[in-house]
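**Student:** Fold the following, please.
(one chain, ligands or ions: 1)
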Amino acid sequence: MDRTLAGELGAALASTRELLREALEEGVEHFERRAAPPRTEAPAIATPMPVRAGAPAHRSTAPPPSAQPAPLAPTPAFPSGVTLDEVRAALGECTRCRLHEARNRIVFGDGNPGADLVFVGEGPGEQEDLQGLPFVGRAGELLTQMIERGLGIPRSSVYICNIVKCRPPQNRTPLPDEVHACRGFLDGQIEAIRPKVIVALGKPATSLLLGRDVAITRVRGVWQEYRGIAVMPTFHPAFVLRQYTAETRRLVWEDLKAALGRARELGGVFET
Ligand code: SF4
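**Tutor:** You can find the predicted model right below:
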C-alpha cells in the first residue's frame, strides 16, 4: 500500500477511535447516519445559527498523563454572601494543581455577577486559555448563538464558567484530583451568584454538580438539583458540533428553553 495512503488511513482510524471514546464518555449509545453539514448551514437550534464544519477543537487524542496525583493545597470553602470578586481574589495565581503548569491565563468566568442563569462547562480550551475567557472557541460560538439567537437574551445577561479554571493539556478531560482541587472555586462562584437555574454542559459538569457519575444521555433534559438550585443537564456544545444531527440540536434546544423558562418562572429577569 502507498505509504501516504497508509498514513492517512491510520490517522483516520485514530480519529474515529477517539470520537468513539468521547461518545462513550458522553453516554452515547448509537449514531445516526448523516451528511456533513455545509459550511454555511443554519442549524435548527436557533434561527439562524451558522456553525463552521470541521474537526472539533474541544478535545485531542492525547492520553491522560499517568503520573500519580501530587498533594494538593486545600480548597477554600466560601461562606454565604461571598462575592465573585472575593472568590477570584482567593483564587489568585493558583498553583493548586498541575494544570497551572501549561496555562497561559486563568479562565475564571464571564458574564453577569447577578445572573439568574449560569452555564457550567468542563474546562478552557485553546482560545479560552489565550483570551482568559470561557467559551470563546468554536464550541463557545455555538453556545453564544444558542443563548443570543436561540433564547433571545444577550450572553452578557448570563454567567458562564467551567469546573476547572486552567486548560488541561491537549484539551483532555480534567483528572479527578484536578477537579477536586478546583471545585471549591466553582462552588464559590455559584454561592456568590445564587442563580435561579444552572445549565450543566456535558457529563463532567453534570457529574460534578450532582455528586455522582452520570451518563449524560440518561439525565439530560431531566431536572436535577445542586444545593437547592435547579440544574438542567444537557449536551456540551463541543459534543453538539461533533454529533451534528437534527436530533441532538433539537434536544439541546429543548433543554435550554426549559432552563430559561424555569428561571423566569422563579422570578429571573433577563434583558432581551
Ligand atoms: S485548574 Fe483550578 S486548582 Fe488547578 S491550578 Fe487552575 S485554578 Fe488552580
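
**Student:** Next to the ligand, which bits of the stretch 51-200 of the chain? Give me the list.
**Tutor:** When proximity is defined by C-beta under 6 Å from any ligand atom, the stretch 51-200 of the chain lies next to the ligand at 91, 94-97, 99-100, 106, 164-166, 178, 181-182. To be clear about C-beta, it is placed using only N, CA and C from the backbone, and glycine gets the same treatment.

**Student:** From these, list the buried ones, please.
**Tutor:** Buried residues within these, defined by neighbour count using 16 or more other C-beta atoms under 10 Å: L91, C94, R96, C97, L99, I106, V164, K165, C166, E178, A181, C182.

**Student:** just these now: which is nearest I153?
**Tutor:** K165 (24.9 Å; C-beta to C-beta).

**Student:** Check the secondary structure at that closest one for me.
**Tutor:** Look at K165: counting by DSSP: H, G, I helix; E, B strand; the rest coil, its state is coil.

**Student:** How about it, nearest residue that isn't a chain neighbour?
**Tutor:** The shortest distance from K165 to any non-neighbouring residue, by C-beta to C-beta, 6 or more residues apart in numbering, is to I106 (5.1 Å).

**Student:** Confirm the one you found sits in a strand?
**Tutor:** No. The assignment for I106, made by three-state DSSP, is coil rather than a strand.

**Student:** That one: what's it in contact with?
**Tutor:** By C-beta atoms under 8 Å, 6 or more residues apart in numbering, the residues touching I106 are L91, E93, C94, G132, K165, C166.

**Student:** and stretch 169-189, which residues are buried?
**Tutor:** So, applying 16+ other C-beta under 10 Å, buried residues of stretch 169-189: 171-175, 177-189.

**Student:** circling back to that earlier point, just flag the most distant two among the contacts of I106.
**Tutor:** Among these, C94 and G132 lie farthest apart (C-beta to C-beta), at 13.5 Å.

**Student:** Now do the helices in this structure.
**Tutor:** Remark: helices assigned in the chain by DSSP state H are 3-26, 84-91, 126-131, 138-145, 176-193, 203-210, 216-219, 237-242, 246-265.

**Student:** Could I get the buried residue list for the second one?
**Tutor:** In this case it means helix 84-91. L84, V87, R88, L91.

**Student:** about what we covered before: out of the helices of the chain, which gets the lowest mean score?
**Tutor:** The weakest mean pLDDT among the helices of the chain belongs to helix 3-26, with a mean of 50.

**Student:** what about the most centrally placed residue in the chain, distance to V219?
**Tutor:** Centroid-nearest residue in the chain: G121, 2.3 Å away (criterion: C-alpha atoms, centre = their mean). G121 is 16 Å from V219, where distance means C-beta to C-beta, to the nearest Å.

**Student:** again, but for H236
**Tutor:** With C-beta to C-beta as the criterion, H236 and V219 are 13 Å apart.
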